[in-house]
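Q: Quick check, what structure comes out for this input:
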Amino acid sequence: MLNKLSVGALLKSVIGILGAVVIVMLAQNAWEAFARYRTANRGAAVVDISRNLFTALHNLRVDRSTTFRDVNGDRTLTGLAKQTQDVRTAEMAALTPALAALEALDFPQKQAMLPGILQSAKKFAAMHAETAAAVTQPKAQRRAGLAQEFNEEALRLLESLDKLSVQLTAL
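A: Numbering: from 1, shown residues only. Below you'll find the predicted structure:
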């Protein structure tokens, strides 16, 4: 059988097989590079989200304490303190892109955690406006329990974001 095989046909077969092997190896390397690229992008997204969450968490803690003190206090203010305004601006500037990026990121327990965090953040942002208006009114005219409700919502959001940070760190 090998006697009937010409040298040209044998060389073409060997070159064809070697070409196919080279193409398979290149495809395998391309697939591995793509997988590394996806992993690197995921890591970069986690870092960006974590950075924003850290900023939001820090400012949220300050916002919680200063707002609770101002709403619960006896004094009628002309508006929120400059520090509280700055903290709220920085907090929402970090929280908004972090939550938007979380929707695009796949992580364990996303379906269970993310809707609650989004709802809590939305309610917390709405309470910003209410508390800002409340500090300009006399204490007797402020909604009863507003300071406590703000404090509890801030604490709920803090705990949720802290759990989320732990999950992102594990990624």
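
Q: mean confidence for the longest helix anywhere in the chain?
A: Taking DSSP state H as the criterion, the chain has its longest helix at helix 7-72. In this model, helix 7-72 has a mean pLDDT of 93.

Q: What's the first helix or strand after that helix?
A: Sequence-wise, the next helix or strand beyond helix 7-72 is helix 82-104, with elements assigned using DSSP states H and E.

Q: Could you check the angle that next one makes with helix 7-72?
A: Compare the direction of helix 82-104 with that of helix 7-72 by axes from the mean of the first three to the mean of the last three Cα atoms, to 10 degrees and you get 150 degrees.

Q: Return helix 82-104 as PDB; C-alpha atoms alone will do.
A: Output of helix 82-104 as PDB, limited to C-alpha atoms (Å, rounded to 0.1, in the frame of the first residue of the first chain):
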ATOM      1  CA  LYS A  82     -21.900  72.000  54.300                       C
ATOM      2  CA  GLN A  83     -20.300  68.800  55.500                       C
ATOM      3  CA  THR A  84     -23.500  66.800  55.100                       C
ATOM      4  CA  GLN A  85     -24.100  68.200  51.700                       C
ATOM      5  CA  ASP A  86     -20.500  67.400  50.600                       C
ATOM      6  CA  VAL A  87     -20.800  63.900  52.100                       C
ATOM      7  CA  ARG A  88     -24.100  63.200  50.300                       C
ATOM      8  CA  THR A  89     -22.700  64.400  47.000                       C
ATOM      9  CA  ALA A  90     -19.700  62.200  47.300                       C
ATOM     10  CA  GLU A  91     -21.800  59.300  48.500                       C
ATOM     11  CA  MET A  92     -24.300  59.400  45.700                       C
ATOM     12  CA  ALA A  93     -21.500  60.100  43.100                       C
ATOM     13  CA  ALA A  94     -19.900  56.800  44.200                       C
ATOM     14  CA  LEU A  95     -23.000  54.700  44.800                       C
ATOM     15  CA  THR A  96     -24.800  55.400  41.500                       C
ATOM     16  CA  PRO A  97     -22.000  54.100  39.200                       C
ATOM     17  CA  ALA A  98     -21.300  51.200  41.500                       C
ATOM     18  CA  LEU A  99     -24.900  50.000  41.400                       C
ATOM     19  CA  ALA A 100     -25.100  50.500  37.600                       C
ATOM     20  CA  ALA A 101     -21.900  48.400  37.200                       C
ATOM     21  CA  LEU A 102     -23.200  45.700  39.500                       C
ATOM     22  CA  GLU A 103     -26.100  45.100  37.200                       C
ATOM     23  CA  ALA A 104     -23.700  44.100  34.500                       C
END
